[in-house]
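Enquirer: Could you look at this predicted model? Sequence included:
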Amino acid sequence: MGSKTLHVAVYDTFADWEAAYAATATAGAGYRVVYVGESGEPVVSMGGMRVEPHLSIAELRPEDSAMLVLPGADAWETVLPPFAAAARRFLSAGVPVAAICGAVTGLAREGLLDDRPHTGAAAGVLAATGYRGGAHYREADAVTDGDLITAGPTEPVAFAREIMARLEVYPPEVLDAWFRLFRHSDAAAYEVLASHDAGAGDGRDGGAA
């Protein structure tokens, strides 16, 4: 993949924990994490964290990105049009999009899940949007279908796993160790990560501090 920039959308009431694992791990692997707002104005997350975006949605171009990450938000009803449109542009350009929680519901309204395997908060939640993709809903922690990643609101670690797998941040066995460490607190998995990072010789830790 050409670009080493991960674009993470931020908007008022965004769920700050949903993209945090992915942003930390990819930054540790050498990616530049860029936060994208509806404008250049600061936003406040669901947890009260104030974030000043690096650029606006109008400045975002798929060719500059490795992936667009869309966290959920109470305000997704309001921010849906520009960010859902950006997701459509990214997918049309062959650049991956990863959505979690309310962002998945937003993509369902946009018609982007009508023909793709996906997951989300619950099948009933997505059905309420009137979308036509119910037959493609999967009961899973996260689902990757080509360039689209979806996850439910309780799965930020699985969401990050799918993002890192799509970007090939770690070899499969190391990614599995990362997931076991952060999802299951498997102490043995830390040794796999530490050994990999020591061999890489670049000081990265993938978030395993």
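Expert: All right, it came through fine. As the structure is a computational prediction, the values presented were derived from the model and not from experiment. Numbering: from 1, shown residues only.
Enquirer: helices or strands up against the least confident helix or strand in the chain by mean pLDDT?
Expert: Lowest mean confidence among the helices and strands of the chain (mean pLDDT, DSSP states H and E): helix 76-92, at a mean of 87. Where contact means 3 or more C-beta pairs under 8 Å, 6 or more residues apart in numbering; DSSP states H and E, helix 76-92 is packed against strand 67-70, strand 97-100, helix 102-109. (Glycine included, C-beta is placed from N, CA and C.)
Enquirer: Which of the helices or strands spans the residue nearest to Phe182 when sequence neighbours are not counted?
Expert: Here the nearest residue to Phe182 in space, its sequence neighbours aside, is Val157; by C-beta to C-beta, 6 or more residues apart in numbering that works out to 5.0 Å. Here Val157, judged by DSSP states H and E, is contained in helix 156-167.
Enquirer: could you give the mean pLDDT of that helix?
Expert: The average pLDDT for helix 156-167 rounds to 98.
Enquirer: Which segments of the protein make up each domain?
Expert: Domains of the chain are assigned by automatic domain parsing as 5-169, 171-201.
Enquirer: Of these, flag the one that's most buried.
Expert: domain 5-169 (a mean of 20; mean count of other C-beta atoms under 10 Å).
Enquirer: So what would you say the end-to-end distance of that domain is?
Expert: Across domain 5-169, the straight-line distance between its terminal residues is 13 Å, by C-alpha to C-alpha, to the nearest Å.
Enquirer: How far off centre is that domain?
Expert: Shown here is domain 5-169, whose average C-alpha point lies 5 Å from the average C-alpha point of the whole chain (C-alpha atoms, centre = their mean, to the nearest Å).
Enquirer: residue boundaries of the strands in the protein?
Expert: With DSSP state E applied, the chain shows strands at 5-9, 32-37, 43-44, 50-51, 55-56, 67-70, 97-100, 142-145, 148-151, listed in chain order.
Enquirer: Go through these and name the closest to Glu77.
Expert: Comparing those against Glu77 with C-beta to C-beta, the closest turns out to be strand 67-70 (14.0 Å).
Enquirer: list the helices and strands that closest one packs on?
Expert: Using 3+ C-beta pairs under 8 Å, 6+ apart, strand 67-70 is in contact with strand 5-9, helix 76-92, strand 97-100, helix 102-109, helix 156-167.
Enquirer: Low-confidence stretches in the protein?
Expert: Counting by pLDDT under 70, the chain has low-confidence residues at 1-2, 79, 201-209.
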